[in-house]
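**Q** sequence and predicted model, in that order:
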Number of protein chains: 2
Amino acid sequence: MAAERPGGRTAAVRDAVLSATADLLIEAGLEGLELTAVAERAGVGKSTVYRRWGTAPALVADLLVDMADQSLPRADTGSLRNDLWANAKLVRRTLNDPRQGNLFKAVIAAATCDQRTAAALQVFYDRRIDEWAGCVTDAVERGEVPAGTDAAAVIRQVSAPLYYQFLTSTRALTVADAHRAVDAAIAAAVAEVFT
Amino acid sequence: MAAERPGGRTAAVRDAVLSATADLLIEAGLEGLELTAVAERAGVGKSTVYRRWGTAPALVADLLVDMADQSLPRADTGSLRNDLWANAKLVRRTLNDPRQGNLFKAVIAAATCDQRTAAALQVFYDRRIDEWAGCVTDAVERGEVPAGTDAAAVIRQVSAPLYYQFLTSTRALTVADAHRAVDAAIAAAVAEVFT
């Protein structure tokens, strides 16, 4: 019985198109991302997809905006370790999830050969890291890490070993891997590596 | 006036084929890696490439073996910080180099959608990390890091933030990034994160 919100139809079209974009990206990569196939899969008119997005990289860029919009708000547990653990758990769960993991692989692969996708990917990560940086600035105020700590650098340091393993090895990310990523980032922050 | 070593001709064919493989991989990715095009670019017979390698992923796997064979031996400066700095400098130089950087991007992208390439990539990194792990085991003996430190984990921790930035951002790797990667890995190792 939900009332249709203004723009509901436009939003529904975008949802369908971005979902189809993700599916095709996972299945065939950026090169296989044909606008006609996206329209067909989404069940929307071809001309809508061409008019509103126009190119495959534009579709991927909008998908990344949507992924950033939908990513969970940062944790705020009152402890840096618990906050970073929530972040590491989220990264691990996302990358280990078959659909999400394949989507991230496809987008990162697309970014290696398309500058517009690379720029959109960086905007995605910058937004996500900004969101979680508050965990570190709060920890600075609580005296858990030194004043002047680069909050974004600490968040990136948690993600880095998880993404490195995800992209260069065939070993699935374990809970121990996620804990170690957090412990290593905190140890480095405490040792003033990020000030 | 160098005497031709035994197998010199076979080795020359392999060099030409792997060099052509790298070129085409950089230009068009795994999907654009046609065996016929590789043979043509390498100036060798098509049947040789088909008989000896057979598939595009087999070519990439052999390219990765060659890259591992050619990667530099580890540093042995007598100090963990200087050894890891040599490693970080090498990673940064490789990833920032236009040809090498694009080759790594192409191989990592190929690994995201081809299991055989992913397995070959992992063998490449495992070999490289094994080579440099000796820097950490020596440091354990010198008492620079705790006994029982996982040497490979420390080496991976140096590479992780450099690769993470390389693959998820458009910012070039700076000398400061490389130093920070080393400092963070050492701080974590000293804090017993890798024991």
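**A** Great, that's in hand.
**Q** the longest helix anywhere in chain A and chain B, are they touching?
**A** Secondary structure of chain A per DSSP state H: the longest helix is helix A:115-141. Yes. Interface with chain B: helix A:115-141 contributes A:115, A:118-119, A:121-122, A:125 (C-beta under 8 Å from any C-beta of the partner chain). (C-beta placed from N, C-alpha, C; glycine too.)
**Q** out of the residues you listed, which are buried?
**A** A:118-119, A:121-122, A:125 (16 or more other C-beta atoms under 10 Å in any protein chain shown).
**Q** domain map for chain A?
**A** What the TED database lists as the domains of chain A is A:6-62, A:67-191.
**Q** and the longest one, end to end?
**A** Domain A:67-191 has an end-to-end distance of 34 Å (criterion: C-alpha to C-alpha, to the nearest Å).
**Q** flag the shaky bits of chain A, pLDDT-wise.
**A** Counting by pLDDT under 70, chain A has low-confidence residues at A:1-7.
**Q** residues from it in reach of chain B?
**A** So chain A meets chain B at A:29, A:31, A:105-106, A:108-109, A:111-113, A:115, A:118-119, A:121-122, A:125, A:153, A:156-157, A:159-161, A:163-165, A:167-171, A:180, A:183-185, A:187-188, A:190-191, A:193-194 (C-beta under 8 Å from any C-beta).
**Q** which among those end up buried?
**A** Here, 16+ other C-beta under 10 Å leaves A:29, A:105-106, A:108-109, A:111-113, A:118-119, A:121-122, A:125, A:153, A:156-157, A:159-161, A:163-165, A:167-169, A:180, A:183-185, A:187-188, A:190-191, A:193-194 buried among these.
**Q** now, the residues you listed that are in helices?
**A** Going by DSSP H, the helices hold A:105-106, A:108-109, A:111-113, A:118-119, A:121-122, A:125, A:153, A:156-157, A:159-161, A:163-165, A:167-168, A:180, A:183-185, A:187-188, A:190 from those.
**Q** what residues of the longest helix of chain A count as buried?
**A** A:117-125, A:128-129, A:131-136, A:138-140.
**Q** what is that helix packed up against?
**A** Helices and strands touching helix A:115-141, by 3 or more C-beta pairs under 8 Å, 6 or more residues apart in numbering or on different chains; DSSP states H and E, are helix A:56-70, helix A:80-96, helix A:98-113, helix A:151-168, helix B:151-168.
**Q** starting at the chain centroid, how far to the shortest one?
**A** Relative to its parent chain, helix A:56-70 has a centroid offset of 10 Å by C-alpha atoms, centre = their mean, to the nearest Å.
**Q** what's in contact with that helix?
**A** A:14, A:17-18, A:21-22, A:25, A:30, A:33-35, A:38, A:49, A:53, A:107, A:110, A:114, A:116-117, A:119-121, A:123-124, A:127-128 (C-beta atoms under 8 Å, 6 or more residues apart in numbering or on different chains).
**Q** could you redo the last one with a cut-off of 7 Å?
**A** A:18, A:21-22, A:25, A:30, A:33, A:35, A:38, A:53, A:107, A:110, A:114, A:116-117, A:120-121, A:123-124, A:127-128 (C-beta atoms under 7 Å, 6 or more residues apart in numbering or on different chains).
**Q** now it against helix A:98-113, angle please.
**A** 130 degrees (axes from the mean of the first three to the mean of the last three C-alpha atoms, to 10 degrees).
**Q** what angle separates helix A:56-70 from helix A:80-96?
**A** Using the same axes, to 10 degrees, helix A:56-70 lies at 140 degrees relative to helix A:80-96.
**Q** list the buried residues in helix A:56-70.
**A** For helix A:56-70, by 16+ other C-beta under 10 Å, it's A:56-64, A:66-68.
**Q** please apply the same query to stretch A:78-97.
**A** For stretch A:78-97, using 16+ other C-beta under 10 Å, the buried residues are A:80-81, A:83-88, A:90-92, A:94-95.
**Q** closest one of those to B:Q100?
**A** A:L95 (26.0 Å; C-beta to C-beta).
**Q** OK, contacts around the closest one?
**A** Here A:L95 is in contact with A:101, A:104, A:162, A:166, A:173 (C-beta under 7 Å, 6+ apart).
**Q** what about the last one, neighbour count?
**A** Other residues near A:L173 come to 22 when the count uses other C-beta atoms under 10 Å in any protein chain shown.
**Q** so who does the residue nearest to it when sequence neighbours are not counted touch?
**A** Among residues not flanking A:L173 along the chain, A:R92 sits closest, at 4.7 Å (C-beta to C-beta, 6 or more residues apart in numbering or on different chains). A:R92 makes contacts with A:162, A:173, A:178, as judged by C-beta under 7 Å, 6+ apart.
**Q** which of the buried ones among the residues of helix A:115-141 next to chain B sits closest to B:G45?
**A** Among those, and counting by C-beta to C-beta, the member closest to B:G45 is A:A118, at 38.3 Å.
**Q** tell me how far the closest one lies from B:L103.
**A** 17 Å (C-beta to C-beta, to the nearest Å).
**Q** what's the angle between the helix or strand hosting A:L24 and helix B:98-113?
**A** According to DSSP states H and E, A:L24 maps onto helix A:8-28. Interaxial angle of helix A:8-28 relative to helix B:98-113 (the same axes, to 10 degrees): 100 degrees.
**Q** for helix A:8-28, packing partners?
**A** Helices and strands touching helix A:8-28, by 3 or more C-beta pairs under 7 Å, 6 or more residues apart in numbering or on different chains; DSSP states H and E, are helix A:35-42, helix A:56-70, helix A:98-113.
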